[in-house]
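Participant: Following is a predicted model, sequence given first.
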Amino acid sequence: MTRFLGTHKGKLDKKGRISVPAGFRSALAGLGEQELVFFPSYTQPCIECWPARVFDEATAGHDGLDLFSKDADDLAGAVFAQAAQMRPDAEGRVSLEERHIAAAGLTDALLFIGVRRRFQIWDADRGEAYLRDSVVRARDNGLTLAPAPRTEPRP
């Protein structure tokens with residue numbers, strides 16, 4: 001199981017390069033994964049980053065949609081057509097696509113946010129505000145995690 005945890009500050013250089021945080025690179029290595037899939041989130045002003053294998057598993061449900069349906073085409077346009085697959089170099093750097101940078105409104109100061117199976121890249125100020133608001137919303141809505149199903153028979 002991949003776990004991208006925590007928040008990490010980073011920089012976007014003038015050439016559009018970022019350095020994937022070391023902890024996130026370790027999570028990828030634990031998966032035996034080197035490829036990442038990047039695409040602009042269509043629900044938040046950020047870039048979604050998925051290990052390629054996890055992305056394939058998470059999006060496999062698209063194959064169950066009617067081939068030429070509007071839903072299948074809309075989802076493909078929002079996710080697959082916007083995606084780019086990249087492999088970080090030896091120092092953990094990748095070059096983000098200009099359209100991804102623009103779609104997420106990134107500046108030079110970044111915030112990498114771990115989201116369990118994936119991570120997100122935010123403009124630092126917007127990401128900090130999002131985190132503050134998410135804690136308030138989770139608390140105010142009484143959100144909690146359900147316990148994992150018990151796999152052992154009870155005595």
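Facilitator: On my side now, so go ahead. Residues are numbered from 1 along each chain as shown.
Participant: End to end on stretch 46-58, go ahead and measure it.
Facilitator: End-to-end distance for stretch 46-58: 19 Å, by CA to CA, to the nearest Å.
Participant: Off-centre distance for it?
Facilitator: Its chain's C-alpha centre and that of stretch 46-58 lie 6 Å apart, by CA atoms, centre = their mean, to the nearest Å.
Participant: For it, give the mean pLDDT please.
Facilitator: Averaging pLDDT along stretch 46-58 yields 94.
Participant: tell me which residues of that stretch are tucked away?
Facilitator: For stretch 46-58, a neighbour-count test (16 or more other CB atoms under 10 Å) marks 46-52, 54-55 as buried. (Glycine included, C-beta is placed from N, CA and C.)
Participant: was I right about Glu98 contacting Gly16?
Facilitator: Yes. Using CB atoms under 8 Å, Glu98 makes contact with Gly16 at a distance of 6.4 Å.
Participant: if we can go back for a sec, Throw the buried residues of stretch 46-58 into a markdown table and include distance to Gln34 and secondary structure, thanks.
Facilitator: Listed next are the buried residues of stretch 46-58 as a markdown table, based on distance: CB to CB, whole Å; DSSP: H, G, I helix; E, B strand; the rest coil:
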| residue | distance to Gln34 | secondary structure |
| --- | --- | --- |
| Cys46 | 22 | coil |
| Ile47 | 18 | strand |
| Glu48 | 18 | strand |
| Cys49 | 13 | strand |
| Trp50 | 13 | strand |
| Pro51 | 9 | strand |
| Ala52 | 8 | helix |
| Val54 | 13 | helix |
| Phe55 | 13 | helix |
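Participant: which of these sit farthest apart?
Facilitator: The most widely separated members of the buried residues of stretch 46-58 are Cys46 and Ala52, with 19.0 Å between them, by CB to CB.
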